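1. coordinates for the following, if possible.
(one chain, ligands or ions: 1)
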Amino acid sequence: MESIKDKYNEIKRQIPDYVTIVAVTKQRTIEEIKEAFDAGVKIVGENYIQEAMDKYRHIDGLQWHFIGHLQRNKVKDAIKMFDCIQSVDSVRLAIELDKQCAKLSKVMPILIEINIGGEESKYGVKPEEALGIIRQIAELPNVHIEGLMTMEPYFDDPEQARPYFRQMKRLFNEIKSQNIPNVEMKILSMGISNSYEVAIEEGSNMVRIGTKIFGPREY
Ligand SMILES: *Cc1c(COP(=O)(O)O)cnc(C)c1O
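-> This is a model prediction of the structure:
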């Protein structure tokens, strides 16, 4: 069986240097995360605050990105440990982040999550509402928008996800072209284990990979 290190290095070899890998560590043990760190992983992505906090205390040297749905009553905990919130999906959430970050004199890097497939089951801002929402969040001094994130509709054949990735890149460019103060469109976080190659071809520069590094998750 291939080790975490082998699998990570294989992905690293396949993709261009400008693409950042976020190793998605939901349901992974501290030992697995340490193995990934030793293999060269620098950023991990977690979906649940409590699960992440339990692990965070035991592991030094990593950057932690939050990629799950963030409830406003968990914001206080989230900002203590996370270096980036990739899943900001409402002005209300951004206002709470801003308020709590101000108390700690922090400025939190955030991405705006887009529900590119318009799926009921997913969180994220509607593409047509993204620009308006970003203009409002940009007014908040203690959060800093650094790009967009999406969880595309799932297909066994990633080619079918290509139009969604393409639409994301178009939206990204459109927002970038507005040159909104306090908005820096530099990160486009899209692509998971089965789709990252297509996502990169369509303009992703941050991929979030769980299964392909750690093996299948148990449900
Ligand atoms: C679980 C998850 C991933 C990783 O999915 P894999 O198929 O295991 O690579 C990426 N992004 C988000 C938001 C996730 O919840």
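
2. shaky segments in this structure?
-> Of all residues in the chain, none has pLDDT under 70.

3. the longest helix in it is where?
-> helix 162-177 (DSSP state H).

4. for it, packing partners?
-> helix 127-137, strand 143-150, strand 183-189, helix 196-201 (3 or more CB pairs under 8 Å, 6 or more residues apart in numbering; DSSP states H and E). Placement of C-beta: from N, CA and C, glycine included.

5. pull the residues that contact the helix or strand just after the last one.
-> Past helix 196-201, heading to the C-terminal end, the next element that is a helix or strand (DSSP states H and E) is strand 206-209. For strand 206-209, the surrounding residues in contact (CB atoms under 8 Å, 6 or more residues apart in numbering) are 11, 15, 19-24, 45, 67, 147, 149, 187-193, 196, 199-200.

6. re earlier: the inter-axis angle of the longest helix of the chain versus strand 143-150?
-> With axes from the mean of the first three to the mean of the last three CA atoms, to 10 degrees applied, the angle from helix 162-177 to strand 143-150 works out at 160 degrees.

7. helix 162-177 vs the ligand: in contact?
-> No: judged by CB under 6 Å from any ligand atom, helix 162-177 and the ligand are separated, with a smallest distance of 13.8 Å.

8. ok so, going back, which one of the helices and strands packed on helix 162-177 lies closest to residue 116?
-> strand 143-150 (4.7 Å; CB to CB).

9. how close does the closest residue to the ligand within the chain sit to residue 24?
-> Checking the chain residue by residue against the ligand with CB to the nearest ligand atom singles out residue 210 as nearest, at 2.7 Å. Residue 210 is 3 Å from residue 24, where distance means CB to CB, to the nearest Å.

10. list residues touching both of those two?
-> 45, 192.

11. residues of the chain that sit close to the ligand?
-> 24, 26, 47, 67, 151, 192, 193, 208, 209, 210, 211, 212.

12. so the residue of the chain closest to the ligand sits right up against residue 25, yeah?
-> Yes: counting by CB atoms under 8 Å, residue 210 does reach residue 25; the two are 7.3 Å apart.

13. higher neighbour count, these two?
-> Remark: of residue 210 and residue 25, residue 25 carries more neighbours, 25 against 22, as counted by other CB atoms under 10 Å.
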